[in-house]
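>>> Sequence first, predicted coordinates after that:
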Amino acid sequence: MTLAPDHKPTFANLSLTDRLGKAMPVILVPILIVLGFVAIGAPSSWLTLTVSGLAMGMMIFIMASGLTLVFGLMDVINFGHGAFISVGAFVGVSVLIALGDWTGAASLLLNMAAILLAVVAAMAVTGALGWGFERVIVKPVYGAHLKQILVTVGGLIVIEQLIYVIWGPDEIFINRPEMLKGAVTFAGAAMEKYRLLAVGIGLVLFIAMRMVLRRTKIGLIVRAGVENGPMVEALGYRLRIVFVGVFIAGSALAGLGGVMWGLYQEVITAGMGEEMMVLVFIVVIIGGLGSVEGAFIGALLVGLLQNYIAFLEPKLALVSNIALMTAILMWRPQGMLPVVKAK
Amino acid sequence: MIVKLLSGDQPRSVLLTLLLLVTLVCLAGAPFLFDGVRALDTAARICIFIVLAASYDLLLGYGGIVSFAHTMFFGLGAYGVALTSSHMGRGFDALLVGSVSGAVAAIILALLIGLFSLRVRAIFFAMITLAVASALAVLVSQFSGLTGGEDGLTYKIPRVLTSANRMGEFMGTQVSGKILNYYLVFTAALILFLLLLRIVNSPFGRVLQAIRENDFRAEAIGYRVIWYRTMATCLSAAVAALAGSLFAIWLRYVGPDTTLSFEIMLDILLMVVIGGMGTMYGAVIGATLFILAQTYLQNLMGSASEATSALPLVPDLLDPDRWLMWLGVLFILSVYFFPTGIVGRLRERRAS
């Protein structure tokens, strides 16, 4: 009997391109920032644009995160997500206008309290609306993409028209709270205070969301559900309830995004959600359906690119996003960090 | 003969046949049957939107693909005619060149979008078309030097087709170039519709339906799913662009609101879904009902809103501007309860 030959399996080191390929999506953001610096030249305007690009990206991420999770978890594509953005903005702005004394006061505390109340109100309303939307509109059409798209578009129309009925057909102008007006100057670059706040809120939310998804039991179930739903159900978890929870949370986040976007633009219209949906979809597609991290990176890329291009060649700003999406889909047809396998 | 014209796809329901015949007769005789400019304009719109809705049905009903870029192709055709007419001067050659170049541009764009998004998964297509269509709408309003921006373009069409061309009286109606123009629109619409009917009843249409039902199985049998889906996208884009050209010839005006807006996209969706997806005749019924309702029902809503002005909130809900909301409700209900639309219902009644 001969002994089995000595066999030492060795793992080949990953080649540089393989390792780089894995990290590539994350590296793209700094690359874009550096490229922006090269193209723009002037450090002060570059810094201003970068901050506003990051702020815009964070807000888009807040709106997109719910959508991508809902898709990943239940394979439901919600075209009505934009309606929650509009409703959130209208509720939040109404609260801010009602609290005119607080927002007009030159006290940071009162200003923040007013914003906090507005955000809470907006998230409560959009969360409740999302719950109703899920029950009435989405639930009967599980598993049928075509019907989902049609029905949620119908929901979008109805909610948007209801905004007209309740708040009237005119756009509403809103002033930012007193202490958030104006800009701080740093190294010769003017950065609007509100944009810095938006970047802060976005970062905190992203980290919190990552913590919930990575460190908690519920996050584990959600991630496992995205990866392999039937198996999670076989283990005894009622994914349906988790899904409703994620849907409500996603709608509430869209409402938060709506308030923030409304204050950023200082004007809100019933159609704003629909307009934002274009960017949200681009972000969700390039990030990879179902991936929160991918949506985060995608949102930052879209926000930065839009701001850089708007400075360099204003007319091409929106087209630049389409070009970005095309380039990324050529490179990775499933999006940068796909979680859901192709169906 | 008639069966051959309809490509062997008969209405298969007595009531439906009657409805279609009434529509055909009314549209064919519109200038002489109805009085007034508004009625003629409505009839022309119905013709154009029947073609537009039918070409969308090829995609949605037969291919099972949701696109939000159909108005983009419609707009390409319309702007094609508008641009050539304003640069080449009035003349039939301008109309022809404009229509053809609009259709070619639509095919190329559809091919690009299709190859990009249908390659991965069909659901990308809905999102990507939405993004591309809105980008094009923004481009059109920004490059105002070329496209007239938000104001749009007004231009001249050949004098033969305008009301300045008087050709005597027929059946008590003054026959003018306007009526000639209407018959141009009507004939072209009829031909395009019959062509679409031919396409969906060809082997190509059958494969498309097979893919809609089960793309995996169709692929396994040996049909190249992507190729068929992309072809369907290109065909429907081309027909939509031609419908856009007809619209531009009829209106003598193009603007972002009348050709590229998301509202028109929703209108098309509603027409196809309410009429009946995957039937072609559904597009006829849907478009006719929709345009009639849009033109005449809004007045009714206005009076209902005034009649209830004493009540809270109700007049706001019945305001003519809110008509889209009721359509949205109708749309959701019809997707749930009548997924086969009006035509499907009529056919079921006969079958049972």
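Okay, I see it.
>>> Every contact and neighbour count from this point should use C-alpha atoms.
Will do.
>>> Tell me the secondary structure at A:Gly335.
Per DSSP: H, G, I helix; E, B strand; the rest coil, the secondary structure class of A:Gly335 is coil.
>>> just A:Leu14 next, same as before
When classified by three-state DSSP, A:Leu14 comes out as coil.
>>> and it, how far is that from chain B?
28 Å (CA to the nearest CA, to the nearest Å).
>>> Check A:Met74 too.
Counting by CA to the nearest CA - A:Met74 and chain B are separated by 14 Å.
>>> from what I can see that residue touches A:Val242, true?
No: between A:Met74 and A:Val242 there is no contact under CA atoms under 8 Å: 10.0 Å.
>>> Which residue ranges of the chain form strands?
If you meant another chain, say so; for now it's chain A. A:172-173, A:183-186, A:189-192, A:267-268 (DSSP state E).
>>> I was thinking of chain B, sorry if that wasn't clear
Here chain B has its strands, by DSSP E, at B:153-154, B:166-170, B:173-176, B:253-254.
>>> how far does the last one sit from the chain's center?
The reference is to strand B:253-254. Centre-to-centre, strand B:253-254 and its host chain are 16 Å apart (CA atoms, centre = their mean, to the nearest Å).
>>> elements contacting it?
Packed against strand B:253-254 by the contact rule (3 or more CA pairs under 8 Å, 6 or more residues apart in numbering or on different chains; DSSP states H and E) you find helix B:70-88, strand B:153-154.
>>> just flag whichever of the ones you listed has the lowest average confidence.
Mean pLDDT is lowest for strand B:153-154 out of the helices and strands packed on strand B:253-254, coming in at a mean of 86.
>>> What lies in contact with that strand?
In this structure, residues lying in contact with strand B:153-154 by CA atoms under 8 Å, 6 or more residues apart in numbering or on different chains are B:Ala82, B:Ser86, B:Thr147, B:Arg252, B:Tyr253, B:Val254, B:Gly255.
>>> Each with direction, which strands does it pair with?
strand B:253-254 (antiparallel) (DSSP bridges).
>>> and stretch B:206-220, how far apart are its ends?
Taking CA to CA, to the nearest Å, the first and last residues of stretch B:206-220 lie 16 Å apart.
>>> quick one: is that stretch near chain A?
No: contact of stretch B:206-220 with chain A (CA under 8 Å from any CA of the partner chain) is absent, the minimum separation being 10.1 Å.
>>> and that stretch, average pLDDT?
Averaging pLDDT along stretch B:206-220 gives 91.
>>> And that stretch, how far out from the chain middle?
26 Å.
>>> what does it contact?
For stretch B:206-220, the external contacting residues (CA under 8 Å, 6+ apart) are B:Tyr62, B:Gly63, B:Gly64, B:Val200, B:Tyr223, B:Arg224, B:Val225, B:Tyr228, B:Arg229, B:Ala232.
>>> List the buried residues of it.
Residues B:Val207, B:Leu208, B:Gln209, B:Ala210, B:Ile211, B:Arg212, B:Asp215, B:Ala218 are the ones in stretch B:206-220 that count as buried (16 or more other CA atoms under 10 Å in any protein chain shown).
>>> hang on, the earlier thing: how about CSV for the strands of chain B, with mean neighbour count and distance to A:Arg135 added?
Shown next, in CSV, are the strands of chain B (neighbours: other CA atoms under 10 Å in any protein chain shown; distance: least, CA to CA, whole Å):
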stretch, mean neighbour count, distance to A:Arg135
strand B:153-154, 18, 46
strand B:166-170, 11, 60
strand B:173-176, 16, 56
strand B:253-254, 24, 42
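>>> Go through those and find the least confident stretch.
In terms of average pLDDT, strand B:166-170 trails the rest of these, at a mean of 73.
>>> that older thread, most widely separated two among the contacts of stretch B:206-220?
B:Val200 and B:Arg224 (17.4 Å; CA to CA).
>>> So for those two, which sits in the more crowded spot?
Taking other CA atoms under 10 Å in any protein chain shown, B:Val200 and B:Arg224 do not tie; B:Val200 has more neighbours (24 against 14).
>>> hang on, isn't that one packed against B:Asp57?
No: taking contacts as CA under 8 Å, B:Val200 lies outside contact range of B:Asp57: 9.8 Å.
>>> tell me, what residue is most central in the chain?
You didn't pick a chain, so chain A it is. For chain A, the residue nearest the mean C-alpha position is A:Phe61 (2.1 Å; CA atoms, centre = their mean).
>>> ah, no, chain B please
Looking at chain B with CA atoms, centre = their mean, the centroid-closest residue comes out as B:Leu52, 2.0 Å off.
>>> Could you measure from that one over to B:Ala287?
As judged by CA to CA, B:Leu52 and B:Ala287 stand 9 Å apart.
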